[in-house]
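Chemist: Requesting a structural model of the entry that follows:
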Amino acid sequence: MPGGRLTQQERQQIALGLADGLAYAEIARRLDRPTSTVTREVMRNGGPTAYRAELAHRATERRTHRRRPAAPRSAEAVPQAHGRDAEAVREYEEAFTTVLLASGMPAMMSRVMACLTLTDTGSLTAAELVRRLQVSPASISKAVTFLEGQGFVRRERDERRRERYIVDDDIWYRSMLASARSIAQIVETAQQGVGVLGAGTPAGVRLENVARFLDFVAESTARAAEQARDILHTKAKPSEGGAV
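Modeler: Residues are numbered from 1 along each chain as shown. Got it, this is the predicted structure:
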C-alpha cells in the first residue's frame with residue numbers, strides 16, 4: 001500500500017470516482033489507499049459534491065508550506081486489547097471522526113465523541129481525554145458540555161470522586177430525542193410567525209408548511225427512537241481479553 005501524500009493524479013481519480021457515485025471505500029480500493037485517507041481528503045476539501053482535484057491539490061500545498069518545521073503533537077498511542085491492530089484502530093478512529101465532522105459536529109466535539117465511543121469501557125476522565133487527544137483541559141470541557149447538551153454524553157463520579165464522561169447504549173436514543181425537541185421548538189416558532197405575518201399571506205403559508213412538515217418529522221423521530229430502543233436494544237456480551 002503506498003504511503004505519503006496523495007498525488008495530483010490520485011486526486012483526479014478521487015474526483016472521477018465521486019462523479020461516478022462511487023463509495024469512499026471503493027475509491028480507496030482502486031487507489032490502494034486506506035478508506036480514511038480518501039474520506040479525510042474529500043471532507044477537508046469541500047465534501048463529495050464540491051470536491052475539485054486541482055483546488056484540493058493547491059490547498060494541500062498551501063497547508064504544507066504554512067506548517068512549522070517542529071514536529072506536531074499527536075494523540076497518545078493507546079495499548080490495544082482483544083488482539084486488535086493498533087494502526088487499524090487509529091485509522092478507523094480518524095475515519096469515524098471525519099464522518100462525525102461531515103454530519104455537522106464541530107471538530108473537537110467529533111474527536112472527543114470518537115475517542116469515547118471506541119473505548120471498551122465507554123468512559124474516560126477529563127485527564128485521560130487530555131492525554132489521549134493531546135489538547136487542553138479547556139478544550140475537553142467545552143467539547144463535553146456541547147456533547148452533553150446534545151444528549152451524547154453523560155457525567156458521573158467514580159469511586160475516586162473523579163468526574164467521568166460516559167457514552168452508553170442509550171446515547172443515540174437520547175440524541176434523537178434531543179433532536180426531536182429542537183425541531184419542536186422550530187415548529188413552535190414557525191407557528192408564531194404565521195400569526196405575525198398573516199395566515200393568508202405567502203410568507204405565512206410558507207411558515208405554516210414548515211411547521212406542519214417539521215411537526216411530523218419531530219413526532220416521527222421521537223416515535224421511531226422509542227420503537228427502536230424497545231425492539232433493537234440489546235446488551236452486547238464483552239469478549240475475553242480486557243478493556244481499553
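
Chemist: can you give me how far the helix or strand bottoming out on mean pLDDT in the chain is from the chain middle?
Modeler: Within the chain, no helix or strand scores below helix 53-66, which has a mean of 75 by mean pLDDT, DSSP states H and E. Between the centre of helix 53-66 and the centre of its host chain there is 24 Å, according to CA atoms, centre = their mean, to the nearest Å.

Chemist: who touches the helix or strand following that helix?
Modeler: Beyond helix 53-66 in the direction of the C-terminus, DSSP states H and E gives the next helix or strand as helix 86-102. With CB atoms under 8 Å, 6 or more residues apart in numbering as the test, helix 86-102 has contacts from 34-36, 39-40, 43, 47, 77-80, 107, 109-111, 113-115, 117-118. (C-beta placed from N, C-alpha, C; glycine too.)

Chemist: of those, buried ones?
Modeler: 34-36, 39-40, 43, 78, 80, 109-111, 113-115, 117-118 (16 or more other CB atoms under 10 Å).

Chemist: Any stretches of this protein with poor pLDDT?
Modeler: Scanning the chain for pLDDT under 70 picks out the ranges 1-3, 63-78, 233-244.

Chemist: Show me it divided up by domain.
Modeler: Using automatic domain parsing, the domains assigned to the chain come out as 8-59, 103-166, 171-232.

Chemist: List the buried residues for the helix or strand hosting R29?
Modeler: If you go by DSSP H and E, R29 is part of helix 24-31. Under the neighbour-count criterion of 16+ other CB under 10 Å, helix 24-31 has Y24, I27, A28, L31 buried.

Chemist: For V194, give me its contacts.
Modeler: With CB under 8 Å, 6+ apart, V194 has these contacts: G204, L207, E208, A211.

Chemist: From those, which land in helices?
Modeler: G204, L207, E208, A211 (DSSP state H).

Chemist: wait, what's in contact with the second one?
Modeler: Contacts for L207 were tallied using CB under 8 Å, 6+ apart; they are A190, Q191, G193, V194, L197.

Chemist: Which strand or helix spans the first one?
Modeler: Element membership of A190, judged by DSSP H and E, is helix 171-197.

Chemist: May I see the buried residues of that helix?
Modeler: For helix 171-197, by 16+ other CB under 10 Å, it's 171, 173-177, 179-180, 183-184, 187, 190, 193-194, 197.

Chemist: my guess is S136 contacts L129, does it?
Modeler: No: S136 lies out of contact with L129 (CB atoms under 8 Å); the separation is 10.6 Å.

Chemist: which one of those two has more residues nearby?
Modeler: A direct count of neighbours by other CB atoms under 10 Å for S136 and L129 places L129 higher, at 22 against 11.

Chemist: give the contact list for the more buried one.
Modeler: L129 makes contacts with V112, C115, L116, V135, I140, Y165, as judged by CB under 8 Å, 6+ apart.

Chemist: Looking at the buried residues of helix 171-197, which is nearest A228?
Modeler: Ranked by distance to A228 (CB to CB), the buried residues of helix 171-197 are led by Y173 at 7.4 Å.

Chemist: returning to that earlier point: the least confident helix or strand of the chain: which residues count as buried?
Modeler: Buried positions in helix 53-66, judged by neighbour count with 16+ other CB under 10 Å: A53, A56, H57, T60.

Chemist: So which elements touch that helix?
Modeler: helix 8-19 (3 or more CB pairs under 8 Å, 6 or more residues apart in numbering; DSSP states H and E).

Chemist: Residues contacting the helix it packs on, please?
Modeler: 6, 26-27, 30-31, 33, 38, 41-42, 48, 51-54, 56-57.
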